[in-house]
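In: take a look and give me a structure for this.
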Amino acid sequence: MGRERWKSRTVFLFAAIGSAVGLGNVWRFPYMTYKFGGGAFLIPYLIALFVIGIPLLMLEFALGQKFQRGAVDSFRKIHHKLGGIGVLAVLSGFIIVLYYAVIMAWTLIYMLNSFSSELPWVGNADGYFHTTVLGLTDSVSSIGGINIPLLIALFVIWVAIYFIVRKGVDSVGKVVMISMPLPLILMLVLFIRGIFLPGAFEGIIAYLQPDLSALMDPDIWIAAVAQIFFTLSIGFGIMTAYASFNSKNQNVRGDTYITAISDAAMSLFAGFVVFAILGYMATTEGVAVADVATSGPGLAFVVFPEALSLLPSAWFFSLLFFLALFALGIDSAFSIVEAVNTTIGDRYKKPNRPKIAFFTCLISFLLGIIFVTGAGLYFLDIVDYFINNYGLVTAGLLEAVVIGWYFGPKKIRLFVNKQCGCNIRGWWDYAIKYVIPIALIILLGYQFYTDITTPYGGYPQWALAIGWVSFLIPLIIAIVFSLKGKREDVVQSKKRL
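Out: You can find the predicted model right below:
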């Protein structure tokens, strides 16, 4: 029995773009642009996209397509001791999906509560989110009980994810043909509505007005590299797993550019939508855009719902927004699960996809319960910070180092050139071997220095230790996996490549 295949290249691209385009495109990129010099931020962002993001994404696509395996077995085929790199990537992604599904549960609750002529968060959006929806305690030290409505919503999310991934790329492919374009259509409707609101133009100016002096601040370059790294689903093992279900002769270069540029375009467009609405909100309330601009859950579940509640037919536009968020998030969530399932399935000649999916989703649901307690938001914030800033970046760094300094980037480049009939030149080799490792080492070093000198979020040390553990456990498991790797466990193909 041959390896499963995507029904078409279009289905694969929809899946890859759906994974890359997620909640961060809506709630992180617009604020990062606004915070770091407006339009000036696009300069380091685009440089990072083409120098770091696209080469790494092309590498992950090429690995999966060349070796016809997920992240773990792709690196094991390079050397039997290197599978741990894939393990680190997949486990880091697995930890992320534990709380990402909880964010989907929040979104589901908001989406269902939008079917009301009187939106429940009107007049107290902050209280509705933190008290009614989350049941948030005063501090991380007070865990509180399990939030039953949120637990039920989380269960529904995992049931949905199970049915999406239960048949592997066959069932995933059917879903992404709807779930990928849907948020773009919904965001377009919101943009058309928002652009004609009073204050919308002022909001967009605040979003993009360039402050070129910001380019002298090293933070803007660090932020651009970090944003590119996180937004393209690099370091999760997702893109390698997805590409492993392509035929070996598919155009890797074309897939890479289409995916990366689509993601960047969606980020930029989302900023227009967000700041048009925020500009309207600022004008209506008689405050500056700076007073309402924020990022993360605070934007999606407090500020934006409050802004939408000021519109006529507020329930309709709230429904569109949360449906768009749901579609964006669910694509990213099930792509991570599929990366995990692919890793497990690669262990068997005839994997039982429904059984693998069932146990992955069940275990994920149970482990995610900690995030629906009264202190769930605090734990989510801590784990998200450490796993993104250390786990994924470390995985990406190791990928680049192994390919750049052991396997040889030229082999991957020649493979890509053969499939696309193109001629990617030596710049790609230098990016993988030198530029990306140096950039990611600087990023890790800067992040570590920041965390040592200024502990994140003002949390107590025991709570921050949970964050470090969320990074170190996958790393330790990856090291043990590599040390135990045996030559006879995998077909050694390096000499034949």
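
In: would you agree residue 76 is in contact with residue 83?
Out: Yes. Under the criterion of CB atoms under 8 Å, residue 76 lies in contact with residue 83, with a separation of 3.9 Å. (Each C-beta comes from the backbone N, C-alpha and C, glycine too.)

In: ok, the two, which is more surrounded?
Out: Set side by side, residue 76 and residue 83 show unequal neighbour counts under other CB atoms under 10 Å, the larger going to residue 76 at 28 against 25.

In: the more buried one sits in which helix or strand?
Out: Element membership for residue 76, per DSSP states H and E: helix 71-78.

In: for that helix, the distance to its chain's centre please.
Out: Chain-centre distance of helix 71-78: 22 Å, with CA atoms, centre = their mean, to the nearest Å.

In: show me what that helix is packed up against.
Out: The helices and strands touching helix 71-78, judged by 3 or more CB pairs under 8 Å, 6 or more residues apart in numbering; DSSP states H and E, are helix 54-67, helix 83-113, helix 238-243, helix 314-345.

In: any low-confidence regions in the protein?
Out: For the chain, the stretches with pLDDT under 70 are 1, 485-497.

In: wait, which of the helices and strands packed on helix 71-78 is closest to residue 390?
Out: Smallest distance to residue 390 across the helices and strands packed on helix 71-78 (CB to CB): 8.8 Å, for helix 83-113.

In: okay, the angle between that closest one and helix 54-67?
Out: Using axes from the mean of the first three to the mean of the last three CA atoms, to 10 degrees, the direction of helix 83-113 lies 110 degrees away from that of helix 54-67.

In: what's helix 83-113 packed up against?
Out: The contact analysis (3+ CB pairs under 8 Å, 6+ apart) places helix 83-113 against helix 71-78, helix 148-165, helix 238-243, helix 314-345, helix 353-367, helix 376-386, helix 393-402, helix 461-484.

In: circling back: send the alpha carbons of the helix holding residue 76 over as PDB?
Out: Output for helix 71-78, consisting of C-alpha atoms alone and laid out as PDB, is shown next (Å, rounded to 0.1, in the frame of the first residue of the first chain):
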ATOM      1  CA  ALA A  71       9.700  15.300  10.400                       C
ATOM      2  CA  VAL A  72      11.000  12.600  12.700                       C
ATOM      3  CA  ASP A  73      11.700  10.000  10.000                       C
ATOM      4  CA  SER A  74      13.000  12.500   7.500                       C
ATOM      5  CA  PHE A  75      15.800  13.400   9.900                       C
ATOM      6  CA  ARG A  76      16.300   9.700  10.700                       C
ATOM      7  CA  LYS A  77      16.900   9.100   7.000                       C
ATOM      8  CA  ILE A  78      19.600  11.600   7.100                       C
END
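
In: report the angle between it and helix 314-345.
Out: 40 degrees.

In: tell me the spacing between residue 132 and residue 222.
Out: As defined by CB to CB, to the nearest Å, residue 132 lies at a distance of 37 Å from residue 222.

In: what about those two, which has more around it?
Out: Higher neighbour count among residue 132 and residue 222: residue 222, with 19 against 15, using other CB under 10 Å.

In: secondary structure class for that one?
Out: Per DSSP: H, G, I helix; E, B strand; the rest coil, the secondary structure class of residue 222 is helix.

In: three-state assignment of the closest residue to it other than its chain neighbours?
Out: Nearest residue to residue 222 in three dimensions, chain neighbours excluded: residue 446, at 5.7 Å (CB to CB, 6 or more residues apart in numbering). Following three-state DSSP, the label given to residue 446 is helix.

In: would residue 442 count as being in a helix?
Out: Yes. The secondary structure assignment for residue 442 places it in a helix, going by three-state DSSP.

In: residue 117: helix or strand, and which one exactly?
Out: Under the assignment given by DSSP H and E, residue 117 is not contained in any helix or strand.

In: what would the helices and strands packed on helix 71-78 look like in TSV with distance to residue 431?
Out: As requested, the helices and strands packed on helix 71-78 are arranged in TSV below (distance: least, CB to CB, whole Å):
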stretch	distance to residue 431
helix 54-67	4
helix 83-113	18
helix 238-243	17
helix 314-345	24
